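J.: below is the sequence, then the predicted model.
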Amino acid sequence: MRIKSLTTLALGFAGVLTCQAGLNDHKLDIYWVDVEGGGGTLIVTPNNESVLIDTGMPGGRDAGRIHDVATKIAGLKKIDYLITTHLHIDHFGGAAELSKLMPIGTVYNNGIPDHNPDNNPQDTRFPLLIKPYQEMQVDARQIIKPDQIIPLHQSTEPDTAKLTLRCIAAKQAFTKEIPKNPQNETICAGSKTHEKDITDNANSIVMLLSFGNFRFFDGGDLTWNLESQLVCPANLVGNVDVYQVDHHGLDMSNNPLLLRSLSPTISVMSNGTTKGCEKETFATLKSIPSIKAMYQIHRNLRADSENNTSNEYIANLEEHCSGNYIKLSVDSDGKNYTISIPAKGHSAKYKTASNH
């Protein structure tokens, strides 16, 4: 049960309206929860199945915000699938706390090593940090592989688009499926490499969500050189409508080759007030001709305030904020989608690209 209203609502009132509208609207919804510079992307399918990609930090705030959006806004009673893109605490930290607030079904990740995944032998905290995640109660756990499909149910309603959520990359291995017309020579001619990333960011799980013609890319915290391998020499992803900005908008990610190849219409950055939204990434986003709007969870409050999108597209403008989320809804036929910041009354509609 989901809200269609885009007016400003108090969260409790929103919960009441959720019970009255949106049930069986056969839309695909995506919510970017404010986890203050971590990862927390909730997908709700036309059949009301749910996929949560990452869970923010421990401490109660992020798990609480995810729970509120999931239950009071999206009307969920369970997280059916949890994908942890990599084992940094701002991506797995809220999972154990969330599991105490609502049931979690199958958890997908790269497996849990017995040592620090950043290859830093001086940091011995990892076993203690990962213990709650290892021991939380869930239905099942799986190590995900490229080309694995999350087993979501297709809608039986007529004219509802086909839904697919597929793993494109995991642990520095890539999909074997190459889209049609994969030639990428012109874009890849400008390739340049960074120093090799030995952290777990490089192992990030990359997911591609398709709903008819609509396509959404979530690359976790994938970094520069691996992003290049996704699209050079062949584009393994194709074009997308919505790009979740890799790694919160840090410059060690968001390779221009990736952005030019994906040609998104919309970007959404899960950043914090001082994290992400860095200069080179922001310049890259502004340079991509296909991008019509750039959304941010937070306004960058550092001295480099020029590295922000328009306030209209930012969910939270102040350091001490209400934790506003960003929502995207795709029509049941997959041909149009609406992106909104409900707490601000902002809404904009777009057509899905036709050249996927």
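T.: Okay, I see it. The structure presented is a predicted model; accordingly, all values stated were derived computationally and were not measured. Residues are numbered from 1 along each chain as shown.
J.: all the helices of this protein, residue numbers only.
T.: 11-18, 61-68, 89-92, 95-101, 126-135, 185-188, 224-231, 256-262, 279-287 (DSSP state H).
J.: now mean pLDDT too, for those helices, in a markdown table please.
T.: Below are the helices of the chain laid out as a markdown table (pLDDT from 0 to 100):
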| stretch | mean pLDDT |
| --- | --- |
| helix 11-18 | 40 |
| helix 61-68 | 98 |
| helix 89-92 | 98 |
| helix 95-101 | 98 |
| helix 126-135 | 96 |
| helix 185-188 | 91 |
| helix 224-231 | 97 |
| helix 256-262 | 97 |
| helix 279-287 | 97 |
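J.: looking at these, which is closest to residue 154?
T.: helix 11-18 (24.3 Å; Cβ to Cβ). C-betas here are computed from N, CA, C, even on glycine.
J.: how about the helices of the chain in JSON lines, adding distance to residue 214?
T.: Converted to JSON lines, the helices of the chain look like this (distance: least, Cβ to Cβ, whole Å):
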{"stretch": "helix 11-18", "distance to residue 214": "23"}
{"stretch": "helix 61-68", "distance to residue 214": "23"}
{"stretch": "helix 89-92", "distance to residue 214": "25"}
{"stretch": "helix 95-101", "distance to residue 214": "27"}
{"stretch": "helix 126-135", "distance to residue 214": "31"}
{"stretch": "helix 185-188", "distance to residue 214": "23"}
{"stretch": "helix 224-231", "distance to residue 214": "20"}
{"stretch": "helix 256-262", "distance to residue 214": "14"}
{"stretch": "helix 279-287", "distance to residue 214": "20"}
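J.: can you add mean neighbour count and give the ones you listed back as JSON lines?
T.: Below are the helices of the chain laid out as JSON lines (neighbours: other Cβ atoms under 10 Å):
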{"stretch": "helix 11-18", "mean neighbour count": "15"}
{"stretch": "helix 61-68", "mean neighbour count": "22"}
{"stretch": "helix 89-92", "mean neighbour count": "24"}
{"stretch": "helix 95-101", "mean neighbour count": "21"}
{"stretch": "helix 126-135", "mean neighbour count": "15"}
{"stretch": "helix 185-188", "mean neighbour count": "13"}
{"stretch": "helix 224-231", "mean neighbour count": "22"}
{"stretch": "helix 256-262", "mean neighbour count": "23"}
{"stretch": "helix 279-287", "mean neighbour count": "17"}
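J.: nearest to residue 353, out of the ones you listed?
T.: helix 256-262 (10.4 Å).
J.: from the contact counts, what lies against the closest one?
T.: Applying 3 or more Cβ pairs under 8 Å, 6 or more residues apart in numbering; DSSP states H and E, one finds that helix 256-262 contacts helix 185-188, helix 224-231, helix 279-287.
J.: who wins for proximity to residue 174 among those?
T.: helix 224-231 (6.5 Å).
J.: using CSV, list the CA coordinates for that closest one.
T.: Extracted in CSV, the C-alpha atoms of helix 224-231 (Å, rounded to 0.1, in the frame of the first residue of the first chain):
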residue,chain,number,x,y,z
TRP,A,224,37.0,4.1,-11.0
ASN,A,225,39.0,1.3,-12.6
LEU,A,226,36.2,-1.3,-12.1
GLU,A,227,33.6,1.2,-13.5
SER,A,228,35.7,1.4,-16.6
GLN,A,229,35.7,-2.4,-17.0
LEU,A,230,31.9,-2.3,-16.9
VAL,A,231,31.8,-0.3,-20.1
